[in-house]
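1. sharing a sequence plus its predicted fold:
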Amino acid sequence: MRKWLAPVAVVLVLPGAAGAQLGGGASVEKGKELYAEHCLSCHGPDGSGVTSTSQPTGALGVHGLGPGLRGVGALAADFYLTTGYMPLRNPHNQPRHTQSPFSEQEIASLVAYVASLGKGPAIPTPQPKHSQISRGLQLFTEHCAGCHQVVAEGGYVPNAVAPPLHRATAVQIAEAVRVGPYLMPKFGERQIADDELNAIVAYVEWAKHPDDRGGWNLGRIGPVPEGLVTWLMAAVVLIGVCLAIGRRAHT
Amino acid sequence: MNALKRWAIAAGVLFVGRKRRRPLVAEPERIIEAGQPDPRAEWLVLALLVGAACAAAGFIVVYAFNHLEHQTQYLGLALGLAFALLGAALGVIGKRLVDDEEHEEEYSPPRYPEAEEEIAQLVRESGDRLTRKRLLLAGGATAVGALGAALVVPVLSLGPFLDTDPFYETPWRRGRRLVDEAGKPFLLDEIETETFYTAYADGASKEQLGSPLVVVRFEPSQLHLPGQRRDWAPGGVVAYSKICTHAGCAVALYRKPTFPPVEPAPALVCPCHYSTFDPTRGGDVIFGPAGRPLPQLPLYVDPRGELRAGGNFSGPVGPSWWGVRTRKPSTGPGT
């Protein structure tokens, strides 16, 4: 009996609550429509998830396989949709940062719908303004640089690409730390407290435009390209100059 | 009076010889053909030198402006230009103003063959008193060899060779609590899945090789630990040494699958050489250069819900060296 009552309660409560929060024409109902059209084939009806390919595959031949979305909250939905990680064409691919096919309003509707599926974390509001960049560098080095490289240029880890963070907004960085997209571990407040997260966001924002003291930044990936430039370019030029000087004037 | 006389003589000599020149010493015959002066090249050299001076002065000017944008680049440009112009000036001098020719000269034949032969004979005969040349040679070789060994032996300090016991010692024994960096104990209920924690032995130095752990949690059904380790993971929480068994780096990466059907299995990864360990199967190596599994630490939960060690590691902690497989870790003295 209770199982039957729960969805009824959700339907009764949610439109009022969500409708009050959302502006600009976004709504849970609109989100549900979009969900049915773009997400359902992999994430299942009402965010129940699809864990076996024996279930019917979705529209457009998409081989539906996707985790359940109940309780992931607005935080995860906002991250995956604003980064363009979702919708994912092939569920076996690593999601990459792309332009989202949805408008801002559509994303807001979808986020509201996913948030309505279960109790989950809200979209964070990082405040990096008053955080120390040096503290952020220290924390970033400790927790993030192992994969994302020290000025967030990205890198490679077994079975995945650690993306560069230059396109990520402050909110997306804060969300990614809490969600742990794809193979990245998530970090709770026990590991990275909110004020530490603010410092990390401040550092990543700074790392988008670091002051390259040396001029040519060579991709900012460390001493290897710098050495290559020295040996392959400077050394070649020097040898050429030496040959030009050493050539006999009158022969 | 005398002085006056000298002045007079000097004046007379000057007067007599005033128009007569000292006969010139004949100039030696030229070796290098007389070349034409090249005023244009000289002017060019001068211009280059002035340019170098200006560039160097420019360096000083740029240096004086403290808040100039791209100051480093301008400094480098000025200094580089100064050196380049100076080098160009020297190059022009060498190529256009100084004649160069190559001369060859043959070795002269030995001038004193008898004396040279005598010296060789002296050297030969001076060693005649040595009757045991071989023995002395062997002695010399021994001395040089021993000296070489003395120079090489300090290499032993680079690694454990004779006293390796401290490398097998860890601070872990049954009952020791797991604490975080701030010394706060870990409660079982705090440990979440899909993330990882770094833990240390309560009361032991964090610097000790055997102390740091990486702690991860799974659904108990996901774990496939070896038979004798079935009760090492209360609530699906497993702990491994954080020191990679390949080269001793910190195992700082955790590959977390959100959705196992389409994502690769969970793994602990060392960022140095990508040694990859499977935390669900007792730390087995699944990729990379590591030669043996990550040592696992047995865990249990005390009545207060805190995580504690159930004993010592399953194998020696830290990078591999010879003999590492033959011994069990020991609990260090005084820990």
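-> Arrived safely, thanks for sending.

2. spell out which parts of the stretch 1-150 of chain A neighbour chain B.
-> Counting by C-beta under 8 Å from any C-beta of the partner chain, the residues of the stretch 1-150 of chain A close to chain B are A:51-52, A:65-67, A:91-92, A:146-147. Every residue, glycine included, has its C-beta placed from N, CA and C.

3. of the residues you listed, buried ones?
-> With neighbours counted by 16 or more other C-beta atoms under 10 Å in any protein chain shown, the residues of the stretch 1-150 of chain A next to chain B contain buried members at A:51, A:65-67, A:91, A:146-147.

4. ok, so of those residues, who is nearest A:C39?
-> Ranked by distance to A:C39 (C-beta to C-beta), those are led by A:G66 at 8.0 Å.

5. what about the closest residue to that closest one other than its chain neighbours, neighbour count?
-> Computed as C-beta to C-beta, 6 or more residues apart in numbering or on different chains, the closest residue to A:G66 that is not its neighbour in sequence is A:C42, at 3.3 Å. Taking other C-beta atoms under 10 Å in any protein chain shown as the criterion, the count of residues near A:C42 is 23.

6. do the same with A:L218
-> 15.

7. surely B:P264 and B:P257 touch.
-> Yes. The criterion here is C-beta atoms under 8 Å, and B:P264 meets it with B:P257 at 6.5 Å.

8. look at those two and report which has more neighbours.
-> B:P257 (18 against 14).

9. surely the more buried one touches A:L183?
-> Yes. If you go by C-beta under 8 Å, B:P257 and A:L183 touch, sitting 6.6 Å apart.

10. what about the helices in chain B?
-> B:2-16, B:39-64, B:71-92, B:113-126, B:133-152, B:165-168 (DSSP state H).

11. can you tell me which of those has the worst average pLDDT?
-> Lowest mean pLDDT within these: helix B:165-168, at a mean of 77.

12. can you point out the buried residues in that helix?
-> Those buried within helix B:165-168 under the rule 16+ other C-beta under 10 Å are B:167-168.

13. what's the local residue count around residue 227?
-> In the absence of a named chain, chain A is used. With other C-beta under 10 Å as criterion, A:G227 counts 10.

14. looking at chain B here, not the other one
-> B:G227, neighbours per other C-beta under 10 Å, totals 5.

15. for B:D231, same thing?
-> When neighbours are counted by other C-beta under 10 Å, B:D231 comes out with 11.

16. just B:V179 next, same as before
-> B:V179, neighbours per other C-beta under 10 Å, totals 19.

17. for the stretch 1-150 of chain A, just list every one of the strands.
-> For the stretch 1-150 of chain A, strands defined by DSSP state E, counting those that start in this stretch do not occur.

18. shaky segments in it?
-> Within the stretch 1-150 of chain A, the stretches with pLDDT under 70 are A:1-24, A:53-64.

19. and the helices in it?
-> With DSSP state H, counting those that start in this stretch, the ranges of helices along the stretch 1-150 of chain A come out as A:2-21, A:28-38, A:40-43, A:73-82, A:104-115, A:133-143, A:145-148.

20. likewise for the stretch 151-251 of chain A?
-> A:170-179, A:194-207, A:223-228, A:235-246.

21. ok, which of those comes nearest chain B?
-> helix A:235-246 (5.1 Å; C-beta to the nearest C-beta).

22. and the angle for the closest one with helix B:71-92?
-> 30 degrees (axes from the mean of the first three to the mean of the last three C-alpha atoms, to 10 degrees).

23. identify the residues contacting helix A:235-246?
-> B:87, B:91, B:94-95 (C-beta atoms under 8 Å, 6 or more residues apart in numbering or on different chains).

24. of these, which pair is most distant in space?
-> Maximum distance among the contacts of helix A:235-246 (C-beta to C-beta): 12.2 Å, for B:G87 and B:K95.

25. more neighbours: those two, which one.
-> B:K95 (17 against 14).

26. where's the more buried one relative to B:G51, distance?
-> 18 Å (C-beta to C-beta, to the nearest Å).

27. got the residues of chain B near chain A?
-> B:70, B:72-73, B:76, B:87, B:91, B:94-96, B:100, B:180, B:190, B:192, B:194-197, B:252-259, B:261-264, B:267, B:269, B:271, B:274, B:276, B:287-288.

28. just the buried members of these?
-> B:73, B:91, B:95, B:180, B:190, B:192, B:194-197, B:252-259, B:262-263, B:267, B:269, B:271, B:274, B:276, B:288.

29. which members of these occur in strands, if any?
-> B:196-197, B:253-255, B:267, B:269, B:276 (DSSP state E).

30. ok, now which ones touch A:F79?
-> Counting by C-beta under 8 Å, 6+ apart, A:F79 has contacts A:85, A:172, A:175-176, A:179, A:181.

31. okay, residue 189: pLDDT?
-> I'll assume chain A. 89.

32. wrong one, chain B
-> pLDDT, B:D189: 92.

33. same deal with the one 5 residues further on?
-> In the predicted model, B:E194 carries a pLDDT score of 89.

34. quick one: the most centrally placed residue in chain B and chain A, what's the gap?
-> For chain B, the residue sitting closest to the mean C-alpha position, by C-alpha atoms, centre = their mean, is B:L158 at 15.1 Å. Going from B:L158 to chain A by C-beta to the nearest C-beta, to the nearest Å gives 25 Å.
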